[in-house]
Each structure stands twice: as C-alpha cells, then as structure tokens.
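Enquirer: what shape does this take:
(2 chains)
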Amino acid sequence: SQQGEEDPQALSIQEGENATMNCSYKTSINNLQWYRQNSGRGLVHLILIRSNEREKHSGRLRVTLDTSKKSSSLLITASRAADTASYFCATVPMDSSYKLIFGSGTRLLVRP
Amino acid sequence: DAGVIQSPRHEVTEMGQEVTLRCKPISGHNSLFWYRQTMMRGLELLIYFNNNVPIDDSGMPEDRFSAKMPNASFSTLKIQPSEPRDSAVYFCASSSQAGGPHEQFFGPGTRLTVL
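Expert: Numbers count the residues shown, from 1 in each chain, chains lettered A, B, ... in the order given. Next up is the predicted model:
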C-alpha cells in the first residue's frame, strides 16, 4: 500500500516558472526522499531530508518537511523543459531501516 | 560506475511461460530491492535482500514469484508460470545501508508483457 499521496497528480507550467509538488504521509518517518522518473526510465534520487530537518536545498530544488503535519513539498525553481518527468516522494518509516514507501507521483509538464 | 544493470529491458512472453529477470547491483552496495510498477498500484516493493540474504519478501505476490541472490553481484526474479496480470515494469535497486537508510539507485527496469 502507498503511504505517500502526492498533490497535484499532474502539473503543467511554462518554462521559467516554479513548480511546487506536495506529499502527505501517514506514519512516523526516519527520512523522506524525492525521486524523478523520466518516461520509460528508472527512478533517479533527487534529495533526502531527515526527520529532524525542516528544509534542504540542492541546486534548483528546495524541499521542506513538516513532521507535525506529516507533509513535505518539493519546489523546482526556474523550471526547464528537461524537468518534465514524474516526481515521487518516498518515506522510510521509523520502524524500518530500509523500506521505501512510494507515493503515487506528480506528473510535471514544463512547456517550452 | 555503470549503475544498476538489468536484463532484459523488454520481455514479451505467453501466459504459462517462465520468466527470469536479472539484476547486477552497484559494486559495494549491500542491499538489493526488487520493485514492480503498474498504473493501478504504483511502485511496490517485492523483496529486499541484505548481504545476499532475503530479509523481507512480504511483497511477493504469490508462490509463482521467487527471487534469489547467489552472490553480491547478481540477483534474479523468476515468475513461473507467468500470467497476464504480471505485466508491469520490474525495477531492481541497490543501496548501501551503512549508517542508516540511504538513497536507492534504480536500474532502467524490465518491461514485461505477458500475453
């Protein structure tokens, strides 16, 4: 079963705009990770945020984590057509050292 | 590093046939995962190996599915007999779990079609 639910399911923006995707989860977590999947390809890890962290940056990516609300957001700034992909959040539950539970994903389309 | 290698990339087979999917994890990684991705159910963990030992196979759908990891550089996922509902993309991922749960590195996947 999927722990994470992403919102929106699909997002279409113009190149140069910012894209924000949200993820909600149900149980206490060790960490939360975001992955990208291009069409027909495997998943690529983007960023990991631990349960004791509130915000993390990596290049044009900004991730926030609110453990009280059991939610996270991924912000992609100054989007590019190459950012077109599906984005998944994945949680590692507190009672597991390995298990990644994936959300349903957000399909992002960046129009040139 | 070549990353996680999976073969074949595509497999089309008829119902009832045996299917074997292969995976070579990243050298030095001690954890290996098999996932299945479908439109209906998303990404599901099938089985997790740590140091070549199956730790969690609770996601394996039924007895038709089996997985092995004879050594640190090779794993197989076998479906026998295959059924049309097994059609999906199967991913292998590897990770180094030293010091706690880390990112997983995914292979390109095997797209399985069972007719």
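Enquirer: which bits of chain B sit near chain A?
Expert: Counting by Cβ under 8 Å from any Cβ of the partner chain, the residues of chain B close to chain A are B:4, B:31, B:33, B:42-43, B:45, B:48, B:50, B:55-56, B:91, B:93, B:95, B:97, B:100-109. (Glycine included, C-beta is placed from N, CA and C.)
Enquirer: now, the residues you listed that are in strands?
Expert: Residues of the residues of chain B next to chain A located in strands (DSSP state E): B:31, B:33, B:42-43, B:45, B:48, B:50, B:55-56, B:91, B:93, B:95, B:105-106.
Enquirer: farthest pair in the residues you listed?
Expert: Distance extremes for those: the farthest pair is B:Gly42 and B:Asn50 at 23.8 Å, using Cβ to Cβ.
Enquirer: the closest residue to A:Asp7 other than its chain neighbours and A:Asn31: what is the separation?
Expert: If the residues on either side of it in the chain are set aside, A:Asp7 comes closest to A:Asn22, at 4.6 Å by Cβ to Cβ, 6 or more residues apart in numbering or on different chains. From A:Asn22 across to A:Asn31, the span is 17 Å (Cβ to Cβ, to the nearest Å).
Enquirer: those two: which is more packed in?
Expert: Set side by side, A:Asn22 and A:Asn31 show more neighbours around A:Asn31, with 21 against 17, by other Cβ atoms under 10 Å in any protein chain shown.
Enquirer: quick one: the more buried one and A:Ser51 touch, right?
Expert: Yes - between A:Asn31 and A:Ser51 there is a contact at 6.2 Å, judged by Cβ atoms under 8 Å.
Enquirer: in three-state terms, label B:Arg85 for me.
Expert: helix (DSSP: H, G, I helix; E, B strand; the rest coil).
Enquirer: give me the pLDDT for the residue nearest the centre of chain B.
Expert: The residue lying closest to the centre of chain B (Cα atoms, centre = their mean) is B:Trp34, at 2.9 Å. As predicted, B:Trp34 sits at a pLDDT of 97.
Enquirer: was I right about A:Asp83 contacting A:Leu108?
Expert: Yes - counting by Cβ under 8 Å, A:Asp83 does reach A:Leu108; the two are 6.4 Å apart.
Enquirer: any common contacting residues for these two?
Expert: Counting by Cβ atoms under 8 Å, 6 or more residues apart in numbering or on different chains, the common neighbours of A:Asp83 and A:Leu108 are A:19, A:76.
Enquirer: surely B:Ala88 touches B:Met39?
Expert: No - in this structure B:Ala88 lies outside contact range of B:Met39 using Cβ under 8 Å: 9.1 Å.
Enquirer: who's in contact with B:Phe105?
Expert: Counting by Cβ under 8 Å, 6+ apart, B:Phe105 has contacts A:45, B:3-4, B:26, B:29, B:93-95.
Enquirer: among those, which one is most surrounded by other residues?
Expert: B:Ala93 (26 neighbours).
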